[in-house]
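J.: mind folding the following:
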Amino acid sequence: MAQFTKKAIVEAFLVLLNEKPLDKITVKEIVDCCEINRNTFYYHFEDIHALLTYVIDGEVERVIAKHADVKSLEEGFIEAANFALSNKRAVYHIYNSVSREELERYLNSIAEEVVRRMAEGLDGAKDVSRLDLELIIHFYKCGLSGMVMAWISEGMKADAEQMIRSLGELLEGSVSAALDKGRQRARAGKFQKNNT
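T.: Residues are numbered from 1 along each chain as shown. Down below sits the predicted model:
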């Protein structure tokens, strides 16, 4: 029963978030929509910000679980963009609120996990220093999440899936090339193989 109530709260929140800015949504509106009392809301969530964090964390977990064996940068990121497209107004309302950092955290989490799984799954990744591997992952994470944030700031007008697929084609092999450079650096002794 508790999971059913929690799910109802999340669904009501997303409906409201698709209708109005985040800072205009009240706990009263959410509980009225769910036909529950305020205490029930507060049993599950400390406040609306905690509810937003829960929704975003759940979406991150869902996308990552769906794409456990990432073969390309675009696979997992297209799924993240699909959430944004199916909740366009909600995402735009989050972006234009004081909770923009939650949206950035969502995108960074997905981008980092997608890039990490892909990079660590490539041949020779074990021969690259941990520091170089983390630099490569960080670079691609920032690039991917930054592009999506720019897309949101521009009103999400461009075809996100096409943009991500085109970027994937343009960058194809670039992670492998960066790992090759990392292996060369490790062989040259510029960094110890097992740096942390």
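J.: let's see the worst-scoring helix or strand of the chain on mean pLDDT as CSV, backbone CA atoms only.
T.: Within the chain, confidence by mean pLDDT, DSSP states H and E is lowest for helix 73-86 among all helices and strands, at a mean of 72. Output of helix 73-86 as CSV, limited to C-alpha atoms (Å, rounded to 0.1, in the frame of the first residue of the first chain):
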residue,chain,number,x,y,z
LEU,A,73,27.5,6.9,-26.1
GLU,A,74,24.1,7.6,-27.7
GLU,A,75,22.2,4.5,-26.4
GLY,A,76,21.7,5.6,-22.8
PHE,A,77,21.5,9.2,-23.6
ILE,A,78,18.7,8.8,-26.1
GLU,A,79,16.7,7.2,-23.3
ALA,A,80,17.4,10.2,-21.0
ALA,A,81,16.3,12.5,-23.8
ASN,A,82,13.1,10.5,-24.2
PHE,A,83,12.2,11.2,-20.6
ALA,A,84,12.7,14.9,-21.3
LEU,A,85,10.6,14.7,-24.4
SER,A,86,7.7,12.9,-22.8
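J.: pull out the buried residues from the helix or strand just after that helix.
T.: Using DSSP states H and E, the helix or strand that follows helix 73-86 in sequence is helix 88-95. Residues of helix 88-95 classed as buried by neighbour count (16 or more other Cβ atoms under 10 Å): 90-95. No exception for glycine: its C-beta is placed from N, CA and C like everyone else's.
J.: residue 135: neighbour count?
T.: For residue 135, the count of nearby residues is 14 (other Cβ atoms under 10 Å).
J.: check the gap between it and residue 66 for me.
T.: 27 Å (Cβ to Cβ, to the nearest Å).
J.: turn the buried residues of helix 88-95 into CSV, columns for distance to residue 33 and pLDDT.
T.: Formatted as CSV, the buried residues of helix 88-95 follow (distance: Cβ to Cβ, whole Å; pLDDT from 0 to 100):
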residue, distance to residue 33, pLDDT
90, 14, 85
91, 20, 84
92, 20, 83
93, 16, 84
94, 18, 85
95, 23, 84
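J.: looking at those, which one is closest to residue 105?
T.: Closest approach between the buried residues of helix 88-95 and residue 105, by Cβ to Cβ: residue 94, at 10.9 Å.
J.: which residues does the closest residue to the closest one other than its chain neighbours contact?
T.: The shortest distance from residue 94 to any non-neighbouring residue, by Cβ to Cβ, 6 or more residues apart in numbering, is to residue 103 (4.9 Å). When contacts are counted by Cβ atoms under 8 Å, 6 or more residues apart in numbering, residue 103 touches 56, 91, 94-95, 149, 152.
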